[in-house]
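> Prediction below, plus the sequence it came from.
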Amino acid sequence: MHQPRSLMDKFFLFVKGLCMGAANKVPGVSGGIVAFVVGFYEEFIYSLQKVNLKALKLLVNGRFSSFYRYVNGTFLSFLIAGMLFSYFSVSKLLDYFLEQKELYVWAAFFGMIIGSIYYIGKDFENWNKKTIPAGILGLVIGISISFLSPAKENDNLWFIFLCGMISVSGMTLPGLSGSFILILLGNYVLLLVDSVNSLYDTMAELLQGDFSFTTNQKRLETLRILAVFTAGSAAGLVSLSHLLGYVLKHFKHLTTAVILGFITGSLGVVWPWKRTIFMQAADGSPILDSNGDKIIINYQRYLPDMSLSETWWAVLLVGMGVLVLLGLDWYGKNRQNNG
């Protein structure tokens, strides 16, 4: 039985959801890292596991209070509310900074991932002949994923559903970025930019009593794509949580080693000093997708020029990102000591 949560606990759950939602939106960053580092990863996975046949029976039979308690409803509802709110607030802010100050955003996240590697690894004392190869395997897979080239956009609804199932891995697998997986699948702009913006615009219009979107075929199609993507994400979240719950229960040390490898390998994706390479026509002009956006095919990484002031600002932000995680470590220790 879960203990009742205080108002402050609920507030922090909402904030954690905000952080997870923002992290999931940024290519290369995993919302699962937030869950793992802040210390609610296992509760998150085990709570999702409770969304099963028994929960469905409780719901169908109208036993809503029992259903809410069974699925750890307070935890999931405040966390998911924070994630949803993030898509219309924090992630909008991130979109702006990624467009205007891309280097600085990547630098901050790079530092936070370095900090998370330290945070997770410092207390892991189970390196042996089984966990070392597992960690190396995670590292190799993480690095390999970061150097794959993206596919073309595909709006087939079955593929969209599959994208939802795969992309949600960023919430459940620390180090594996769901949004970067969407870039590789070719549907990042369609699913995390155009669709979300369409929903945002539609909600804004509804609040003003404007129902003109019902005659806008392009908007309706984009909303349908978002609905299918959301259904796929929900299906993936529940199915992955059951698999991960089993793995965490029976192979916890091996799983932690693989996660550490994944996170370390993901540093290649978020390396701050990189140029975005777009698909080009024979005349050198950029090729645009159906929504008028340039199609990303890869990133070209380079070493920083230490003579530039922006490089030093980026290095400072890397350091600040590390300090954020060290601060979380300090907060966690103090909370335990005072608890």
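Received the coordinates, thanks.

> how deep is S146 tucked in, by neighbour count?
Using other C-beta atoms under 10 Å, S146 has 20 neighbouring residues. C-beta: built from backbone N, CA, C; applies to glycine.

> The chain should start at 44 in everything you say after this.
Okay, using 44 as the starting number, the last item reads as S189.

> out of everything not next to it in sequence, what's closest to it?
Ranked by C-beta to C-beta, 6 or more residues apart in numbering and with sequence neighbours excluded, the top spatial neighbour of S189 is G311, at 3.6 Å.

> any idea how far the helix or strand that contains that neighbour is from the chain center?
Using DSSP states H and E, G311 maps to helix 310-313. From the chain centre to the centre of helix 310-313 is a distance of 14 Å (C-alpha atoms, centre = their mean, to the nearest Å).

> C-terminal to it, what's the next element?
strand 317-321.

> Tell me how far that following strand lies from the chain's centre.
Its chain's C-alpha centre and that of strand 317-321 lie 21 Å apart, by C-alpha atoms, centre = their mean.

> what ranges do the helices span in the stretch 44-193 of the chain?
50-68, 74-81, 84-92, 96-103, 107-113, 116-130, 133-143, 145-164, 174-189 (DSSP state H, counting those that start in this stretch).

> list the buried ones in the fifth one?
Same thing as helix 107-113. Buried residues in helix 107-113, defined by neighbour count with 16 or more other C-beta atoms under 10 Å: 110-111, 113.

> Tabulate those residues (JSON lines), appending pLDDT.
Listed next are these as JSON lines, based on pLDDT from 0 to 100:
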{"residue": "F110", "pLDDT": "89"}
{"residue": "Y111", "pLDDT": "89"}
{"residue": "Y113", "pLDDT": "90"}
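
> Dump those residues to JSON lines, plus distance to S255.
As requested, the buried residues of helix 107-113 are arranged in JSON lines below (distance: C-beta to C-beta, whole Å):
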{"residue": "F110", "distance to S255": "38"}
{"residue": "Y111", "distance to S255": "38"}
{"residue": "Y113", "distance to S255": "42"}
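
> Can you tell me which of the helices of the stretch 44-193 of the chain has the worst average pLDDT?
Within the helices of the stretch 44-193 of the chain, confidence is poorest for helix 133-143, with a mean of 71 (mean pLDDT).

> Leaving aside the residues adjacent along the chain, what's closest to M208?
Nearest to M208 is G279, by C-beta to C-beta, 6+ apart, at 3.4 Å.

> who's in contact with the one you found?
Going by C-beta atoms under 8 Å, 6 or more residues apart in numbering, G279 touches 207-212.

> mind checking which of the helices of the stretch 44-193 of the chain is nearest N240?
helix 133-143 (9.0 Å; C-beta to C-beta).

> Below-threshold pLDDT in the stretch 244-382 of the chain: ranges please.
Judged by pLDDT under 70, the stretch 244-382 of the chain has its weakly predicted residues at 322, 324-325, 330-342, 371-372, 374-382.

> circling back: next up, identify which helix or strand the residue nearest to M208 is on.
helix 260-293.

> and the angle from the next helix or strand after that helix to helix 74-81?
Using DSSP H and E, the helix or strand that follows helix 260-293 in sequence is helix 295-308. Interaxial angle, helix 295-308 versus helix 74-81 (axes from the mean of the first three to the mean of the last three C-alpha atoms, to 10 degrees): 120 degrees.

> Now do helix 295-308: which elements does it pack against?
helix 145-164, helix 174-189, helix 260-293 (3 or more C-beta pairs under 8 Å, 6 or more residues apart in numbering; DSSP states H and E).

> If you count neighbours, what's buried in the first one?
So the one you mean is helix 145-164. Here helix 145-164 shows 146-160, 162-164 as buried, counting by 16+ other C-beta under 10 Å.

> Contacts made by it with the rest, please.
69, 71-72, 76, 79-80, 137, 140-141, 217, 299, 302-303, 306-307, 309-310, 313-317, 353, 356-358, 360-369, 371-372.

> Recalculate using a threshold of 6 Å.
Under the contact criterion C-beta atoms under 6 Å, 6 or more residues apart in numbering, helix 145-164 has outside partners 72, 76, 80, 140-141, 303, 306-307, 310, 313, 315, 357, 360-361, 364-365, 367-368, 372.

> Can you flag the buried ones in the residues you listed?
Members of the contacts of helix 145-164 classed as buried by 16+ other C-beta under 10 Å are 72, 76, 80, 141, 303, 306-307, 310, 313, 315, 357, 360-361, 364-365, 367-368, 372.

> of the helices and strands packed on helix 295-308, which approaches Y345 most closely?
That would be helix 145-164 among those, by C-beta to C-beta, at 11.5 Å.

> what about the closest one, distance to the chain center?
14 Å.

> Restricting to C-alpha, output the helix holding G311 in CSV.
This file holds the C-alpha atoms of helix 310-313, laid out as CSV (Å, rounded to 0.1, in the frame of the first residue of the first chain):
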residue,chain,number,x,y,z
LEU,A,310,27.2,11.6,-25.2
GLY,A,311,27.9,11.3,-28.9
VAL,A,312,24.4,12.4,-29.8
VAL,A,313,24.5,15.5,-27.5
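
> what packs against it?
When contacts are defined as 3 or more C-beta pairs under 6 Å, 6 or more residues apart in numbering; DSSP states H and E, helix 310-313 packs onto helix 145-164, helix 174-189.
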